[in-house]
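In: Have a look at this prediction, sequence included:
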Amino acid sequence: MEDPKYIIFLKSWSEKVKVYVEYQKVTRPKAILAFITAFIFAFISVLLFTTPTNFPVGDVLTIRFGESLQSITVDLKNKNIIGSELVFRSLVILFGGEKKVIAGDYLLSKKESSFMLARRLVNGVFQINTIKITIPEGWNVFQIGDYLEKNLLKFNKKEFVDSAKKYEGYLFPDTYFVSMSAKPADIIELMKNNFNKKILQVANLQTTKKSISDIIIMASILEGEALPKDKQIVAGILWKRIAIGMPLQVDATFKYINGKNTYELTLDDLKIDSPYNTYTNKGLPIGPISNPGIDAIIAAYTPIKTNYLYFLTEKDGTIHYAKTFAEHIINKQKYLK
């Protein structure tokens, strides 16, 4: 016969088991959901707020103008700056949109999470001192290169000139704020993009019968030949010379040929064999000789017609006009002593 105490114990234990099973049926799904939620939250937090082990502290991250978010993200991953490409791209789009990454040089002074870095790139927080550079109207790529070499950190003037030559005339003269460590390609892209924006704002330019390239070449000459108030009259004279088959005979192009100005030129200089020599060649030179500003561009396609065919410029910029060569000679004797 079984012990009554043992039977009571078994019944009690059985009831406890039933209660536990019923409890598990109710609470287990909630516990699993809570666990999964906590895991996902922890996983995302790790991706957002932790940095790769070999994060390159002290390096400078360069974002190029026009570089796609995909290209930027792959580069960051390859350099151990971010842990997840998907998370970083998503953050950038969330903060500012796919095309809102601001080009420039970003100093990685300390370890940064994808969350913080994405915010920096969207807001242009470089953490590198920027400098104001001013490129005057009428400067050519050689002059710009000299200026940048003196004002930027370890700037490669030769690399700039070699790359910028083909864009002469289309690098807009303006004031820019750039990183002290800006590279030649960055400056060129910045000035080209600015030119493209500014040229769209020039009224009626697209309606002119002359080509944009001819207008830019003429404008570059006007920058070296006349003050703003005289540019349209001088433009009228120069277009007239081209129309009648007369050489332009402007001295400004020699700044591009041999670096000399009007008062330094010799008769031998005027015979130099160069496609930029407007004494020995008719028509416009083969390309711009400088980077013109808006007023020169406007003057180039809105010339003022006059009876003048000659002009003489004094050192202070004052211009004396003449209808005939004889009058021009008199002006030379009178004003160029």
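Out: Received, thanks.

In: For stretch 191-201, list every residue counted as buried.
Out: For stretch 191-201, a neighbour-count test (16 or more other CB atoms under 10 Å) marks 191, 192, 194, 195, 199 as buried. (C-beta placed from N, C-alpha, C; glycine too.)

In: And those residues, which two are furthest apart?
Out: For the buried residues of stretch 191-201, the farthest-apart pair by CB to CB is 191 and 199; their separation is 12.4 Å.

In: circling back to that earlier point, make CSV from the buried residues of stretch 191-201 and add pLDDT and secondary structure to it.
Out: Converted to CSV, those look like this (pLDDT from 0 to 100; DSSP: H, G, I helix; E, B strand; the rest coil):
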residue, pLDDT, secondary structure
191, 93, helix
192, 93, helix
194, 90, helix
195, 94, helix
199, 89, helix
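
In: Nearest residue to residue 144 in space, please, no chain neighbours.
Out: The shortest distance from residue 144 to any non-neighbouring residue, by CB to CB, 6 or more residues apart in numbering, is to residue 135 (5.8 Å).

In: Need the buried residues of stretch 191-201 in TSV (columns: distance to residue 88).
Out: Listed next are the buried residues of stretch 191-201 as TSV, based on distance: CB to CB, whole Å:
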residue	distance to residue 88
191	30
192	29
194	29
195	33
199	36
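
In: What are the boundaries of the helices in the protein?
Out: Secondary structure of the chain (DSSP state H): helices located at 4-49, 69-78, 85-95, 114-123, 141-151, 157-164, 184-200, 212-225, 231-243, 254-257, 294-301, 325-335.

In: you'd agree residue 142 is up against residue 164?
Out: No - counting by CB atoms under 8 Å, residue 142 stays clear of residue 164, with 9.2 Å between them.

In: more crowded one of the two?
Out: residue 164 (23 against 18; other CB atoms under 10 Å).

In: Test my guess that the more buried one contacts residue 145.
Out: Yes - Residue 164 lies in contact with residue 145 (CB under 8 Å); the separation is 7.3 Å.

In: what do these two both touch?
Out: Counting by CB atoms under 8 Å, 6 or more residues apart in numbering, residue 164 and residue 145 have no contacts in common.

In: For the residue most central in space within the chain, give its distance to residue 181.
Out: Centroid-nearest residue in the chain, with CA atoms, centre = their mean: residue 190, separated by 1.6 Å. Distance, residue 190 to residue 181, by CB to CB, to the nearest Å: 14 Å.

In: for residue 275, same thing?
Out: Residue 275 sits 37 Å away from residue 181, going by CB to CB.

In: just residue 119 next, same as before
Out: From residue 119 to residue 181 the distance is 22 Å (CB to CB).

In: Give me the residue ranges of the chain where confidence is low.
Out: In the predicted model of the chain, residues 1-49, 58, 97-99, 337 satisfy pLDDT under 70.

In: tell me the contacts of residue 289?
Out: With contact set as CB under 8 Å, 6+ apart, residue 289 has these partners: 140, 168, 217, 220, 221, 224, 252, 253, 255, 256, 276.

In: does the third one really touch residue 292, like I thought?
Out: No - under the criterion of CB under 8 Å, residue 217 makes no contact with residue 292, lying 9.2 Å away.

In: Count the neighbours of residue 163 for me.
Out: Neighbour count for residue 163, taken as other CB under 10 Å: 15.

In: Likewise for residue 166?
Out: Residue 166 has 11 neighbours, counted by other CB under 10 Å.

In: do the same with residue 270
Out: 14.

In: For residue 274, which non-adjacent residue is closest in space?
Out: Among residues not flanking residue 274 along the chain, residue 257 sits closest, at 5.0 Å (CB to CB, 6+ apart).

In: okay, now the one you found: neighbour count?
Out: By other CB under 10 Å, the residues close to residue 257 number 18.

In: ok, it to residue 138 distance?
Out: According to CB to CB, residue 257 stands 16 Å off from residue 138.

In: likewise residue 65?
Out: Distance, residue 65 to residue 138, by CB to CB: 25 Å.

In: One more: residue 304?
Out: From residue 304 to residue 138 the distance is 20 Å (CB to CB).

In: just residue 251 next, same as before
Out: Distance of residue 251 to residue 138, computed by CB to CB: 14 Å.

In: before we move on, back to that, neighbour count: residue 275 and residue 181, which is higher?
Out: Set residue 275 next to residue 181 and count neighbours by other CB under 10 Å: residue 181 wins out with 18 against 12.

In: thinking again about what came up before, so what's the nearest residue to the residue nearest to the centre of the chain once chain neighbours are set aside up against?
Out: Spatial nearest neighbour of residue 190, excluding adjacent residues (CB to CB, 6+ apart): residue 176 at 6.1 Å. The contact partners of residue 176, by CB under 8 Å, 6+ apart, come to 132, 133, 134, 135, 187, 190, 191, 194.
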